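Enquirer: build me a model:
(chains A, B, C and D, ligands or ions: 4)
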Amino acid sequence: MNMIEAINSAHKVMMARDPDVVVFGEDVGYFGGVFRATAGLQEQFGKQRCFDAPISEGGIVGTAVGMAAYGLKPLIEIQFADYIYPGYDQIVSEVARMRYRTAGEWTMPMVIRSPYGGGIFGGQTHSQSPEALFTHVAGLKVVIPSTPYDAKGLLIAAIEDPDPVVFFEPKRIYNGPFDGHHDRPVTPWAKRPEAQVPDDYYTVPLGQARIAREGAELTVITYGTMVHVAVAAAEDNGVDAEVIDLRTLVPLDIKTIEASVKKTGRVLVVQEATRTSGFGAELAALVQERCFYHLEAPVERVAGWDTPYPHAYEWAYFPGPKRLKMALEKVMAD
Amino acid sequence: MNMIEAINSAHKVMMARDPDVVVFGEDVGYFGGVFRATAGLQEQFGKQRCFDAPISEGGIVGTAVGMAAYGLKPLIEIQFADYIYPGYDQIVSEVARMRYRTAGEWTMPMVIRSPYGGGIFGGQTHSQSPEALFTHVAGLKVVIPSTPYDAKGLLIAAIEDPDPVVFFEPKRIYNGPFDGHHDRPVTPWAKRPEAQVPDDYYTVPLGQARIAREGAELTVITYGTMVHVAVAAAEDNGVDAEVIDLRTLVPLDIKTIEASVKKTGRVLVVQEATRTSGFGAELAALVQERCFYHLEAPVERVAGWDTPYPHAYEWAYFPGPKRLKMALEKVMAD
Amino acid sequence: MSEADPQTRRNAPALSLHVPEPAFRPGDTPDFSSIPVPPAGAAPRPDTAAPARETFPLTDALVRVLDEDGRAVGPWDPKLDPDTLRKMLKDMVTVRVFDDRMYRAQRQGKTSFYMKCTGEEAIAVAAAAATHRDDMHFPTYRQQGLLVSRGYPLTDMMCQIYSNRGDKLQGRQLPIMYSDKPHGFFSISGNLGTQYPQAVGWAMASAIKGDSRIAMGWIGDGATAEGDFHSAMTFAAVYTAPVILAVVNNQWAISSFSGIAGAEKSTFAARAVGYGVAGLRVDGNDALAVYAAVQWAAERARANAGPTLIEFFTYRAEGHSTSDDPTGYRPAGEAQQWPLGDPIARLRQHLTALGEWDDERHDALVKEADLAVRAAQKEAEKLGILPEQGRENIQSMFEDVYAEVPWHIAEQRDQCLKEAGL
Amino acid sequence: MSEADPQTRRNAPALSLHVPEPAFRPGDTPDFSSIPVPPAGAAPRPDTAAPARETFPLTDALVRVLDEDGRAVGPWDPKLDPDTLRKMLKDMVTVRVFDDRMYRAQRQGKTSFYMKCTGEEAIAVAAAAATHRDDMHFPTYRQQGLLVSRGYPLTDMMCQIYSNRGDKLQGRQLPIMYSDKPHGFFSISGNLGTQYPQAVGWAMASAIKGDSRIAMGWIGDGATAEGDFHSAMTFAAVYTAPVILAVVNNQWAISSFSGIAGAEKSTFAARAVGYGVAGLRVDGNDALAVYAAVQWAAERARANAGPTLIEFFTYRAEGHSTSDDPTGYRPAGEAQQWPLGDPIARLRQHLTALGEWDDERHDALVKEADLAVRAAQKEAEKLGILPEQGRENIQSMFEDVYAEVPWHIAEQRDQCLKEAGL
Ligand SMILES: Cc1ncc(C[n+]2csc(CCOP(=O)(O)OP(=O)(O)O)c2C)c(N)n1
Ligand SMILES: Cc1ncc(C[n+]2csc(CCOP(=O)(O)OP(=O)(O)O)c2C)c(N)n1
Ligand SMILES: [Mg+2]
Ligand SMILES: [Mg+2]
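Expert: Ligands and ions are numbered 1, 2, ... in the order given. Modelled structure (predicted):
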């Protein structure tokens, strides 16, 4: 399965298992979503379980809060992460705080799915990576898969999780992996082991990172599309890097990070998002706090530039092979 | 002047100097604002220059965008920073990006003022410190004063600035400074030199930090209310700390930070906001990136806990003297 | 010419910005005779399954049942039995006494904050009476009447206000931000408006499940300006959600009058019709009218005939909260001039007119309420008042951010306990 | 019983969620005979200073001027001279030809994305004609007709679409997200709805300054559900802002029909009345009706008599964008069945009926438009097409985030240039 099919499969599995799972969002019903993630759900489970929503991200999240309060498990789609902001107040002020402010009387077991990230010539409003705007909000879990297998397993775990999960999907790798070389062919998902996705129920637990590539010289901490770019960069540049695919940003798998950093002593943090105040800053801060005496070089960050994502400059903006190479060299030289 | 009076004075000076400055927000008109920051403006400048707005932060920012497009300079108040989220989409997607997406054809010279921070038993919706949700957004400047003098001078500079400025005001120190000792008297603003505020026009430039206390052993990087708490902690604990009051978070005065860190070799970053992905993470990341070989200890962070701000536990939540003391000791011992 | 200079090259008249202004400001003598008060009984009562558009005239009218002499008249008379009426009266009196005592407690430094609903007691109390016990309310901070009507213990309310050991919310919320699922009372948010689409979502869930319970959402006149109001109306209309959406128009936000929310140009009830939602405008100081309107809307919702927006026309008789002094922006004594009178006095007059009530019984009721409130307060204060809080059970602060405490919050908890010397 | 189990203990009927469904899906034969099409000339034309509530009937009607025979009839006939009509026809034809060529350019890989407005050409073109040259429009992505009508060079539009060296937006925006202040065309946002309160704010500023210019905001039927719609309506009503707010109801969002935005229960025009804003519902495929309605609203706005919400009833004849294939959710050929016809054909018929047009002139016009578009395309392509972009002038990427480049962005720029080997 490619990543879209895996996500679609997670929906089907969970809607069949749990009658309280309801799916809605813009264009998700009859049509099955602009990326086809919800294709076939309305036909299979009926209009009361999967339906189109008005173009109102605030209303989508706001009504989902009410549904969760009733006892349902809303699994909602925000069409692009760039359009999540009209729903931001409901997410930050309501979804994230409900369990806390009611001392557990009301909980918000919902999943807010949204395609994010660049690499598709989507310009500034179809390319954003706003995960740091959610990792700063206590009460939310933030999950970002990088393979079809993980996407399905993490999404099922997120649906079953008692807490609200913001689930960002790297749209660049929905239909095939992407190593950052936009001008060279990639092995399609179908030929990759991470795309061997069972049809049935399984989970990939939240809060556990994955070692995407083992290595001894340097630790790359990343997630989403950048996992593939980082692995390719390590290989292309002959750096024996250990690439950690976080999978869950909050709560973070700090143990895996610490173990790797203590082994390598060198760290590169890679994110697609704009650099300043991105989640990479938190990672760099944590690593130097907790592994200071193991570090042989400063923790280096690779990130998107602190500008909006400019349409024509897709590849000058995207943190691609060249940026990775220079950063790997820098960390190894320091 | 106390800080409210200084902010009020900045409004009056600039409304008199520049007929394009218009002030609006919830309760800012006849009544002069729930914190009195806009008292007297409507009377002095008329209802067309200072008026009440509907309770719609999205509408306030959205109409301000239109006004700025026309050529006015909106100076708007969001009643509490905790209530800025309904306006978040307009701020992030529109205000911040307008100059960029139009290659300078339309600009957004506006100031979005909002009281923020804790220490007033305001519970979780009158105590938040959401600055990191804005420092991550390219195109915004983020300013936080810590004294009446700076508040007026920075606000005037922000109004004159060609770019949009998010101006967070530490409400805990509106009427008097606060060193974190909620149970001991403080010297009122009136007796402090930073409260000698000229009635006339002057500016404190954006992007320049202030050394709030000179010192040689350790650098504390902070802003807002925490400047006072940090200075008191250094004094109370006999640590020869240099306390940097950032004043502007974006763009950051990296030179002042680097110079101090290179001198002291030890760094404590202090923020009121929840810890994870706060602006302190960016500061820690930057410091270790740029001053790694000068650091004698990991950059330590003091912050609010990663929980909402709980009403009854004001002082267990607030990063007060005890938390500072322990952190200072830790950084000195490392 | 600067960009902001007006363009004067056309011979067109100059535009000017209209900023609404309330009729009276401090120093003025309030006179509300310009507010039209239609006679009780005049508004027609459409069928509960009528098309929404048919309610258009009612969005500009005022559903009133109690006339000047305290008689219940017209098609909206809910014909309640005396026991129900007395129960409502008792609840309203209790709310008022409760408010007075808690206001005083705040002034005495026993807590940080309080908000009264004086003058608006009929609205929540009658709405509670007209909805089923298992319908779900999504209130704002002025519907304490719902809890009182549904028998939620006064002591529990006070413990929340004191953030004390008895507070089921563990001191986490500002005073009066109650929450109680068993009493059908959703957690109050500090953020205005958010509960409105939530109410719609709950109602949609009830419909998805084939349930028969309905939801009722509440909002103030000022907060209708938030985008959430629009989300709620849109989703309610699109999915025919079984929900009642109430706007409590008490004429004021904090210092802004309802004209700043749009009331100068239209009524809040009239918003309904544009969405294809039924709309009613109701005398909020008339407990019977409130009851009747909510009953109508509930019947409509339960029959899958769609949502109703009800504007309750009332007056906020006191300050916005303990942080507010209304004499800074409106004349003192406006409440006394309010043409729709006091809701308690009007219900009392009605019961008296029915021969089911008298001064003696009323005095006894007030005394009883007073005693009950005092007793509850005593109980609550045994469990502590706010200034004593924040030292015990500090680790609770780190719970319920997530179902399980993750490592980073556990570390912070341990650090906090160390700070506290524990 | 799980929490989400319905409560069945009352003998109440089970609720169920209503999810609106369009009349026809792929495979169905579309038949729009159930859409009421009132005769041209039937709708009354109120005084432009009439109270908003008086326009209520017009929010359910359809302002139409051109009858079946192409004659202009009734009180809304704007009585335009033949030159103005021919100019509108020319602009509409140009827009259609432009759309076709740019769609093809996208399919040829010359750019990433394109959006047509086929079937909706009359709306922007006639609105441009009915507003003053210095009024400000806050458009969505389907008002290219405004630019064409106001004489913005086609080459400049294409350079933006190609993100090439001639693109004044420096390749920063998605294709068709034009911006041009001199032509009164505000920067298009990718985020739906945001421009609506912005239009109101611009109009408020004009009123604050005593200017005489007005603003016109645009939104799609689907996007009316955003909170920004409500902000715009509220602020426009409260401050009597000199603004025209247009809803282009082309029946579809992407794959969702207008019922998902609320059109099943009411009209979009009807939203107006609840706010105390004038509302008009207009045949959007009738250029004269569009002109007349905008003219009416502009006159009202300029007289400080308040805002108007105009719903233009039309049909999106093609896919949502080049990323969309509408046969996945609606029957092919619906556009041909659309009961309000094609706007270009209707205006052509009118001019012909007037004796001011004939087939020969029309063929010549189409040819002329085609030549102009081709010539512009040639010019534009000299300045590059998208696939060639992104290598030159890389440092421009770091400009205009702020007025001056701050140190951190300067460092990133230098790093980026190093990456690029520059
Ligand atoms: C989103 C948001 N903005 C602003 C506030 C501050 N605030 C609290 S109450 C209030 C006035 C509300 O007025 P209204 O809705 O009429 O309710 P009332 O107090 O009259 O019952 C304001 C502005 C808030 N709580 N939330
Ligand atoms: C805030 C936001 N949410 C979602 C989208 C994705 N989106 C782009 S166009 C569109 C449909 C808009 O439909 P409508 O408003 O009817 O305009 P039309 O395309 O028909 O002209 C959607 C959902 C967006 N651009 N912005
Ligand atoms: Mg009110
Ligand atoms: Mg549409």
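Enquirer: now residue C:274: phi and psi?
Expert: Dihedral angles of residue C:274 (phi, psi; degrees, to the nearest 10) stand at phi -60, psi -20.
Enquirer: residue contacts, it?
Expert: Residues near residue C:274 by C-beta atoms under 8 Å, 6 or more residues apart in numbering or on different chains: D:59, D:266, D:270-275. Quick note: C-beta positions are derived from backbone N, CA and C, even for glycine.
Enquirer: nearest spatial neighbour of it, skipping sequence neighbours?
Expert: The shortest distance from residue C:274 to any non-neighbouring residue, by C-beta to C-beta, 6 or more residues apart in numbering or on different chains, is to residue D:271 (3.7 Å).
Enquirer: re the thing from before, closest to residue B:67 among the contacts of residue C:274?
Expert: residue D:275 (20.4 Å; C-beta to C-beta).
Enquirer: farthest pair within the contacts of residue C:274?
Expert: Maximum pairwise distance in the contacts of residue C:274, criterion C-beta to C-beta, is 13.6 Å, between D:266 and D:275.
Enquirer: and the two? Which one has more around it.
Expert: Neighbour count, other C-beta atoms under 10 Å in any protein chain shown: between residue D:266 and residue D:275, residue D:275 has more, with 25 against 21.
Enquirer: for the more buried one, give me the pLDDT.
Expert: Per-residue pLDDT puts residue D:275 at 98.
Enquirer: now do the contacts for it.
Expert: When contacts are counted by C-beta under 8 Å, 6+ apart, residue D:275 is found next to C:262, C:265-266, C:271, C:274, D:52, D:233-234, D:236-237.
Enquirer: out of these, which is nearest to residue C:129?
Expert: Distance to residue C:129 across the contacts of residue D:275 (C-beta to C-beta) is lowest for residue C:271, with 25.8 Å.
Enquirer: I'd assumed residue C:224 was in contact with the closest one.
Expert: Yes: the pair residue C:271 / residue C:224 is scored as a contact, 7.4 Å apart, by C-beta atoms under 8 Å.
Enquirer: those two - which one has more neighbours?
Expert: Neighbour totals were compared for residue C:271 and residue C:224, and residue C:224 leads with 33 against 29 (other C-beta under 10 Å).
Enquirer: so how far is ligand 3 from the more buried one?
Expert: Distance of residue C:224 to ligand 3, given as C-beta to the ion, to the nearest Å: 9 Å.
Enquirer: cool, residue C:35 as well?
Expert: Counting by C-beta to the ion, the separation of residue C:35 from ligand 3 is 16 Å.
Enquirer: check residue A:166 too.
Expert: With distances taken as C-beta to the ion, residue A:166 is found 34 Å from ligand 3.
Enquirer: circling back: now, which of the contacts of residue D:275 lie within helices?
Expert: C:271, C:274, D:233-234, D:236-237 (DSSP state H).
Enquirer: for residue A:116, the count of nearby residues, please.
Expert: Residue A:116 has 27 neighbours, counted by other C-beta under 10 Å.
Enquirer: I'd guessed it sits against residue A:130; true?
Expert: Yes: Residue A:116 lies in contact with residue A:130 (C-beta under 8 Å); the separation is 6.9 Å.
Enquirer: need the residues touching each of these two.
Expert: Both residue A:116 and residue A:130 are contacted by A:81-82, under the criterion C-beta under 8 Å, 6+ apart.
Enquirer: now the residue of chain C found nearest ligand 2. Its backbone dihedrals?
Expert: Proximity of chain C to ligand 2 (C-beta to the nearest ligand atom) peaks at residue C:227, 11.8 Å away. Backbone torsions for residue C:227, taken as degrees, to the nearest 10, come to phi -60, psi -30.
Enquirer: check contacts around the nearest residue to residue C:75 once chain neighbours are set aside.
Expert: Among residues not flanking residue C:75 along the chain, residue C:45 sits closest, at 3.9 Å (C-beta to C-beta, 6+ apart). By C-beta under 8 Å, 6+ apart, residue C:45 lies in contact with C:74-76, C:292, C:296.
Enquirer: make it 10 Å
Expert: Counting by C-beta atoms under 10 Å, 6 or more residues apart in numbering or on different chains, residue C:45 touches C:58, C:63, C:74-77, C:280, C:292-293, C:296.
Enquirer: any of these buried? List them.
Expert: Buried members of these, scored by 16 or more other C-beta atoms under 10 Å in any protein chain shown, are C:58, C:63, C:74, C:76-77, C:280, C:292-293, C:296.
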